[in-house]
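Participant: sequence-free structure coming up:
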Ligand code: NAD
Ligand code: MG
């Protein structure tokens, strides 16, 4: 029996995780859940899955959740605040932690899970982007097992040899090919991009996801973050990672070997597949995802990314090559710019400008420890807020 904690159970990944878990009561129990908004949903999840702990953001939400659960027989202890998230990720009665909080706020609880030697199911890519070296060192030191949930990285994990120990050349890998759908604006005339709305940006053609990652998919920053994520997960250099636009989102990524073999993982675009894979690994369990119907798919298309249309992709490669604090600054500035766009304070096309300005402003520095990561994040946010004023609507 695997005892699971879900950081961010009320989000898109959290809900999909509970959907898979509910199909396998013989394999999984839920020990702890967390949610920041949608307290009603968190209460419903507590009633259904009866976790020992539920964590919310503040005392008011804790009281609200307690009221909602007053007549429930589930003896769920309610905690609140960032410390409680770290505590829940490191509980002795937890075996596996689904890290599904969005953004930099997910870093510290995810690190706590790594430090405690848990099986870490990593959806929160921002944690790895901002703190790659520190994070991977904690995984090593804590004896944690890191399994990627991001569909591309889960696909790559599945296409690599099982005992791949971080040396791609040794196992004959030439390149990692990261697929990208191209998002909702792949073919939108450039002139129209300056006026696109948050509603248009979050309407992803293939995946249903949270708002932040949906905007990231529209700018292709999501793919940029994933390039950096792949670098840390698979010890791949920037020159070993190539982005391929694949509008059907059926091939989730590929590994190109020196003998000319290219292995791919395919499936319907539904996050329950990588979630089920990581939950049960190395076994396989049903996820309720419909079988792939190749005759319905009929064709698979591939294009080179349009770098002029999607400058965020180059900014991410630039940050990866620069090393040190650059990826943390990139991530922080992106979070600020995306939030401003969603609040209609920043035009879509200026998201990249804000990130570029932050990268150009913050002095380069190394990231030896968590304090340095948090400082880079802080500086990236300040630089982005300053740049925002230039473009604000
Ligand atoms: P979402 O917005 O739907 O959910 C985010 C979760 O984080 C919610 O449970 C929310 O309550 C919690 N949260 C938000 N702010 C918080 C805060 N300040 N403190 C504590 N908790 C907070 O996002 P999502 O789409 O589920 O994505 C979650 C993570 O998974 C992101 O890092 C995203 O990049 C990654 N991811 C998502 C998908 C997808 O299909 N949705 C695919 C790949 C990777
Ligand atoms: Mg992805």
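Facilitator: Looks like it came in fine. Computed from a prediction, not measured in an experiment: that's the story for all the values here. Ligands and ions are numbered 1, 2, ... in the order given.

Participant: Residue numbers of the stretch 101-250 of the chain in contact with ligand 1?
Facilitator: For the stretch 101-250 of the chain, the contact set with ligand 1 under Cβ under 6 Å from any ligand atom comprises 101, 102, 105, 123, 124, 125, 126, 150, 207, 209, 210, 213. No exception for glycine: its C-beta is placed from N, CA and C like everyone else's.

Participant: And those residues, which is closest to residue 246?
Facilitator: Set against residue 246, the nearest of those by Cβ to Cβ is residue 207 (12.8 Å).

Participant: That closest one and residue 152: what is the separation?
Facilitator: Counting by Cβ to Cβ, to the nearest Å, the gap between residue 207 and residue 152 amounts to 12 Å.

Participant: For ligand 1, give me its nearest residue in the chain.
Facilitator: Residue of the chain nearest ligand 1, by Cβ to the nearest ligand atom: residue 11 (1.9 Å).

Participant: Run through the residues that contact that residue.
Facilitator: Applying Cβ atoms under 8 Å, 6 or more residues apart in numbering, we find residue 11 in contact with 100, 101, 102, 210.

Participant: Secondary structure and pLDDT for the residues you listed - can I get that in a markdown table?
Facilitator: Putting the contacts of residue 11 into a markdown table (DSSP: H, G, I helix; E, B strand; the rest coil; pLDDT from 0 to 100) gives the following:
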| residue | secondary structure | pLDDT |
| --- | --- | --- |
| 100 | coil | 98 |
| 101 | coil | 98 |
| 102 | coil | 98 |
| 210 | coil | 94 |
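
Participant: Most widely separated two among those residues?
Facilitator: Using Cβ to Cβ, the pair of the contacts of residue 11 lying farthest apart is 101 and 210, separated by 10.2 Å.

Participant: Neighbour count: these two, which is higher?
Facilitator: Between residue 101 and residue 210, residue 101 has the larger neighbour count (other Cβ atoms under 10 Å), namely 27 against 17.

Participant: Now the more buried one. Nearest residue, chain neighbours left out?
Facilitator: For residue 101, the nearest residue in space outside its immediate sequence neighbours is residue 8; the separation is 4.0 Å by Cβ to Cβ, 6 or more residues apart in numbering.

Participant: Ok, residue 130 next?
Facilitator: Using Cβ to Cβ, 6+ apart, the nearest residue to residue 130 is residue 328, at 4.1 Å.

Participant: Likewise for residue 19?
Facilitator: Counting by Cβ to Cβ, 6+ apart, residue 272 is the residue found nearest to residue 19 once chain neighbours are left out, at 6.2 Å.

Participant: Phi, psi for the closest residue to ligand 2 within the stretch 51-200 of the chain please.
Facilitator: Minimum separation of the stretch 51-200 of the chain from ligand 2 (Cβ to the ion) falls at residue 150, amounting to 4.2 Å. Geometry field for residue 150 lists phi and psi as phi -50, psi 130, criterion degrees, to the nearest 10.

Participant: what's the answer for residue 255, then?
Facilitator: phi -120, psi 130.

Participant: tell me which parts of the stretch 151-300 of the chain are close to ligand 2?
Facilitator: Counting by Cβ under 5 Å from the ion, the positions of the stretch 151-300 of the chain adjacent to ligand 2 are 151, 152.

Participant: Low-confidence stretches in the stretch 151-300 of the chain?
Facilitator: Under the criterion pLDDT under 70, the flagged ranges of the stretch 151-300 of the chain are 163.

Participant: Now do the strands in it.
Facilitator: Residue ranges of the strands in the stretch 151-300 of the chain, as given by DSSP state E, counting those that start in this stretch, are 173-180, 241-245, 251-257, 262-266.

Participant: Redo those strands as JSON lines? Include distance to residue 365 and mean neighbour count.
Facilitator: Compiled in JSON lines, these are given as follows (distance: least, Cβ to Cβ, whole Å; neighbours: other Cβ atoms under 10 Å):
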{"stretch": "strand 173-180", "distance to residue 365": "28", "mean neighbour count": "22"}
{"stretch": "strand 241-245", "distance to residue 365": "24", "mean neighbour count": "19"}
{"stretch": "strand 251-257", "distance to residue 365": "32", "mean neighbour count": "22"}
{"stretch": "strand 262-266", "distance to residue 365": "37", "mean neighbour count": "17"}
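
Participant: Relative to residue 235, which of the ones you listed is closest?
Facilitator: Shortest separation from residue 235 across those is recorded for strand 173-180, at 10.2 Å, computed as Cβ to Cβ.

Participant: Quick one: list the elements packing against the closest one.
Facilitator: Judged by 3 or more Cβ pairs under 8 Å, 6 or more residues apart in numbering; DSSP states H and E, the packing partners of strand 173-180 are helix 151-159, helix 221-234, strand 241-245, strand 251-257.

Participant: so how far is residue 160 from the closest residue to residue 148 other than its chain neighbours?
Facilitator: Distances taken as Cβ to Cβ, 6+ apart place residue 154 nearest to residue 148, at 4.9 Å, with adjacent residues excluded. Using Cβ to Cβ, residue 154 is found at 11 Å from residue 160.

Participant: more neighbours, the two?
Facilitator: Neighbours per residue (other Cβ under 10 Å) separate residue 154 from residue 160, with residue 154 holding more: 26 against 18.

Participant: ok, that one - contacts?
Facilitator: 147, 148, 252, 265, 273, 274, 277, 278.

Participant: tell me which of these is nearest to residue 339?
Facilitator: The shortest approach to residue 339 among these belongs to residue 148, at 25.5 Å (Cβ to Cβ).

Participant: and the closest one, what does it touch?
Facilitator: Neighbouring residues of residue 148 by Cβ under 8 Å, 6+ apart: 122, 154, 156, 157, 229, 233, 274, 278.

Participant: which two from the residues you listed end up farthest apart in space?
Facilitator: When those are compared pair by pair using Cβ to Cβ, the farthest-apart members prove to be 229 and 278, with a separation of 14.4 Å.
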